[in-house]
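Enquirer: sharing a model prediction with you, sequence too.
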Amino acid sequence: MTKVVPADASAILEAARILRRGGLVAFPTETVYGLGADAENEPALRALFAAKGRPADHPVIMHLADASQVENYAADIPAEGRKLAAAFWPGPMTLVLRRNNRVSNLVTGGLDTVGLRVPVHPVAQALLREFAGPIAAPSANRFGRVSCTRAEHVLQELDGLIDLILDGGECEVGLESTIIDLSRREPAILRPGAVTADMITNVLGHAPSGHSIASPRVSGSLPSHYAPTARVEIVTADQIRSRSNELRASGQKIAIVTQLPHHLADINDEIQVLLLPDAPEKLAHDLYAVLRRVDDLGCDIALVTLPAEHGLGWAIVDRLRRAAGPRGDDSP
Ligand code: TXA
Ligand code: MG
């Protein structure tokens, strides 16, 4: 049985005890909920991969209470890493650094690098400090599915598979952390997030190189990821009406997910319309809950229009394109 408890002081103590004995605890971060295990306990890490249904060669992010602990796990910290850490930690950023041999191969998926993150969420901070060690935590969802931004979503995904869910309410950012790879010659954004390319450029004094070297080991770069059960199709505003009529004629239950209400006149009222907010921060915050709603409504397909791609919009468009990506045999 999976317990869901408000993330108060006694729940934090219990969560740390569970981690110490090799159990699995979901906890809120400012980005999305994480599924935590003791990063130095190999049986716990194996249980973590099993609960997520995630292939063993996919690396997971190691969460630390503060930036000073990075030296315990990184082989070296380039000057750019120190600048980025000073600017954005604690916060929604993960740095990929060359690792030392204290880091388990299960955490890194056998790579010679490790992804490190110092979250700012008070519950994540309290848990890391109480546990007093690194916590390996992928997003708290089954592999390939939409990340969770509320405790109830984690329960839907992982009920019976993990020990405890710390309920800390809704995650503020709503999208996973920005991942910056500093293990190569040039800093590269592997996954866009709330720490935007412009913010990184301001700190480094030059632009990081473009995004997603499509290594299948970075699960966020697999074609279909962050996906609801319903199919997702990207459309332009002009296509909304014709495409939804076409799909309706073939008997499918349709959701339209858009920021563009003025393109919805004359839409058939059997079609579910889910309006997205205009402000990018609000849209990022709501996005995964809206994708889950598409499934809860029993829709076969969601027709989605994309917001503008600059700033945080890059991360939003990235996730929507992945949700719409081709599904492999093992997709949900
Ligand atoms: O916001 C987040 O980052 C959340 C919260 C819980 O911290 N975590 C998260 O973890 O999204 P996950 O495992 O779902 O996604 C982490 C991504 C994966 O695509 C993984 O392959 C990549 O980070 N990653 C981890 N370590 C890496 C490494 N050494 N090199 C390249 N990619 C790495
Ligand atoms: Mg994930």
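Expert: On my side now, so go ahead. Ligands and ions are numbered 1, 2, ... in the order given.
Enquirer: tell me the spacing between residue 169 and ligand 1.
Expert: Note on residue 169: its distance to ligand 1, by C-beta to the nearest ligand atom, to the nearest Å, is 15 Å. No exception for glycine: its C-beta is placed from N, CA and C like everyone else's.
Enquirer: CA atoms only: put the helix or strand harbouring residue 293 into PDB for me.
Expert: Applying DSSP states H and E as the criterion places residue 293 in helix 280-296. Extracted C-alpha coordinates of helix 280-296, given in PDB (Å, rounded to 0.1, in the frame of the first residue of the first chain):
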ATOM      1  CA  PRO A 280       3.900  31.000 -20.300                       C
ATOM      2  CA  GLU A 281       4.600  30.500 -16.500                       C
ATOM      3  CA  LYS A 282       0.900  29.700 -15.900                       C
ATOM      4  CA  LEU A 283       0.800  27.500 -19.000                       C
ATOM      5  CA  ALA A 284       3.900  25.500 -17.900                       C
ATOM      6  CA  HIS A 285       2.300  25.100 -14.400                       C
ATOM      7  CA  ASP A 286      -1.000  23.800 -15.800                       C
ATOM      8  CA  LEU A 287       0.200  21.800 -18.800                       C
ATOM      9  CA  TYR A 288       0.600  18.300 -17.400                       C
ATOM     10  CA  ALA A 289      -2.600  18.500 -15.400                       C
ATOM     11  CA  VAL A 290      -4.400  19.400 -18.700                       C
ATOM     12  CA  LEU A 291      -2.800  16.400 -20.500                       C
ATOM     13  CA  ARG A 292      -4.000  14.200 -17.700                       C
ATOM     14  CA  ARG A 293      -7.500  15.700 -17.900                       C
ATOM     15  CA  VAL A 294      -7.600  14.600 -21.600                       C
ATOM     16  CA  ASP A 295      -7.200  11.000 -20.400                       C
ATOM     17  CA  ASP A 296      -9.700  11.400 -17.500                       C
END
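Enquirer: from the middle of its chain, how far away would it be?
Expert: 13 Å (C-alpha atoms, centre = their mean, to the nearest Å).
Enquirer: okay, buried residues for that helix please.
Expert: Residues of helix 280-296 classed as buried by neighbour count (16 or more other C-beta atoms under 10 Å): 280, 283-295.
Enquirer: same check on stretch 53-62?
Expert: Applying a neighbour-count criterion of 16+ other C-beta under 10 Å, the buried positions in stretch 53-62 are 53-54, 58-62.
Enquirer: contacting residues for residue 78?
Expert: Applying C-beta atoms under 8 Å, 6 or more residues apart in numbering, we find residue 78 in contact with 97, 182.
Enquirer: and it, how far is that from residue 184?
Expert: 10 Å (C-beta to C-beta, to the nearest Å).
Enquirer: so which bits of the chain are right by ligand 1?
Expert: Contact residues, the chain versus ligand 1 (C-beta under 6 Å from any ligand atom): 29, 31-32, 34, 58-61, 94, 96, 108, 111, 113-115, 117, 137-139, 176-177, 179, 190, 218-220.
Enquirer: of the buried residues of helix 280-296, which is the nearest to residue 240?
Expert: Of all the buried residues of helix 280-296, residue 240 sits closest to residue 294, with 15.2 Å by C-beta to C-beta.
Enquirer: out of the residues of the chain next to ligand 1, list just those in strands.
Expert: Members of those lying in strands (criterion: DSSP state E): 34, 94, 96, 113-115, 117, 179, 190.
Enquirer: now that we have those, which one has the most neighbours?
Expert: Highest neighbour count within these, by other C-beta atoms under 10 Å: residue 34, with 31 neighbours.
Enquirer: what about the closest residue to that one other than its chain neighbours, neighbour count?
Expert: Nearest residue to residue 34, sequence neighbours excluded (C-beta to C-beta, 6 or more residues apart in numbering): residue 137, at 3.3 Å. Using other C-beta under 10 Å, residue 137 is surrounded by 27 other residues.
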